[in-house]
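Q: Whatever this is, show me its structure:
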Amino acid sequence: MFYSSTFPEFSNSDKDLVLQFSVKHEQSIDCGGAYLKLHPAGLDQAAYTGDSVYSIMFGPDICGGTKRTHFILTHKGKNHLIKNDIPCESDTFTHTYTLILRPDNTFKVLIDGEEKRAGTIEDEFDILEPKKINDPAQSKPSDWVDDSQMDDPEDKKPEGWDDIPATIIDPEAKKPEDWDDELDGEWEAPTISNPDFKGPWRAKRIENPGYKGPWVHPQIDNPAYVPDSNLYKYPSLAAVGLEVWQVKAGTIFDNILVTDSVEEAATARGTYAKRKDTEAELEKAEREKQEAEVKAQQEKEAAEKTEDAKDEEKDDL
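A: Down below sits the predicted model:
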């Protein structure tokens, strides 16, 4: 399912950009996405799909062992996923996800107002070429010793080591009394593991006097690296989209906010938090009510069984 809504076009040039929304997985989600997308102007809402061009994707992504906050930035027509996963929430309560992009090319990801990841776009995304690369003119010397241990040249394999078989005939095995060689063939005693067998011989290991440690490839400045102070910037933002795919339906999206005010987003979160506390209290009360009803029904059924048993005893008398 795809949903979208437009708003007056703007650019986040030289100002903060905040995308914030709340998500509640009432169905105890085990597989599904719950992320939003910010789109540039020109989005064809009637033909909106997962292939529609977007600028930013952000929100929880849960499936099996994967539980992360999806965060993708589009740069020059290519989508870039953050290199290291950010955790997300997967319980049945409402949680608020906040993304803040700043004009200094830094970002913050908050869940319920708590910072989960912060850093620079350049460090956390593979958008630009790396500043440093391995020097192509350098390679590990052929005589470089990077094994910290070596076989002891003075350790010798004991004589007869290879003559010890892995298995031997079971000395306690006896030919069955009813064994008939003519009918059953020649009897052979079963074999067992040889307690004296030690496996392939290996020389003991000692410290390698020639060890130089791991070889580190020398690096040089990358001639392809070009800094970009505008990784954060999107000239056109004009729509928010919701791409819903889930194994089990039942996720509630609310409180979607796109703003340039970090303070406004924080104030909104405070309001959401109060709602969340109220919601949690109501859910707890409802759960306790249901548990009480189940308990009362169980006690009623137990009492009826006891009463029936007493009636049967009277009948027997």
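
Q: Check the gap between residue 294 and residue 288 for me.
A: To residue 288, residue 294 is 11 Å away according to Cβ to Cβ, to the nearest Å. (Each C-beta comes from the backbone N, C-alpha and C, glycine too.)

Q: what about residue 129, neighbour count?
A: Using other Cβ atoms under 10 Å, residue 129 is surrounded by 11 other residues.

Q: again with residue 23
A: 23.

Q: Also residue 29?
A: 24.

Q: Could you do residue 285 as well?
A: 10.

Q: Is it located within a helix, as I assumed?
A: Yes. Counting by DSSP: H, G, I helix; E, B strand; the rest coil, residue 285 is found in a helix.

Q: okay, it: pLDDT?
A: Per-residue pLDDT puts residue 285 at 74.

Q: And residue 282, by the same measure?
A: For residue 282, pLDDT reads 69.

Q: Residue ranges in the stretch 201-317 of the chain under the pLDDT threshold?
A: 272-282, 309-311, 313-317 (pLDDT under 70).

Q: residue ranges of the strands in it, please?
A: 205-207, 219-221, 237-243, 245-246, 251-259 (DSSP state E, counting those that start in this stretch).

Q: Looking at the ones you listed, spot the one closest to residue 304.
A: With Cβ to Cβ as the measure, strand 251-259 is the member of those nearest residue 304 (40.9 Å).

Q: chain center to the closest one, what's the gap?
A: Counting by Cα atoms, centre = their mean, to the nearest Å, strand 251-259 is centred 24 Å from the centre of its parent chain.

Q: So for it, what gets flagged as buried?
A: Judged by neighbour count using 16 or more other Cβ atoms under 10 Å, the buried positions of strand 251-259 are 251, 257-258.

Q: Note down every partner strand of it and its orientation.
A: Here strand 251-259 is paired, per DSSP bridges, with strand 17-25 (antiparallel).

Q: who touches residue 28 in this structure?
A: Going by Cβ atoms under 8 Å, 6 or more residues apart in numbering, residue 28 touches 91-92, 248.

Q: For residue 97, give the beta-bridge partners.
A: The partner residues for residue 97, given DSSP bridges, come to residue 21, residue 111.

Q: residue contacts, it?
A: By Cβ under 8 Å, 6+ apart, the contact set of residue 97 is 20-23, 58-60, 69, 88, 109-111.

Q: And the pLDDT for it?
A: pLDDT, residue 97: 95.

Q: Tally up the residues packed near residue 20, please.
A: Neighbour number of residue 20 under other Cβ under 10 Å is 24.

Q: I meant residue 113, not that one.
A: Residues within reach of residue 113, counting by other Cβ under 10 Å, total 13.
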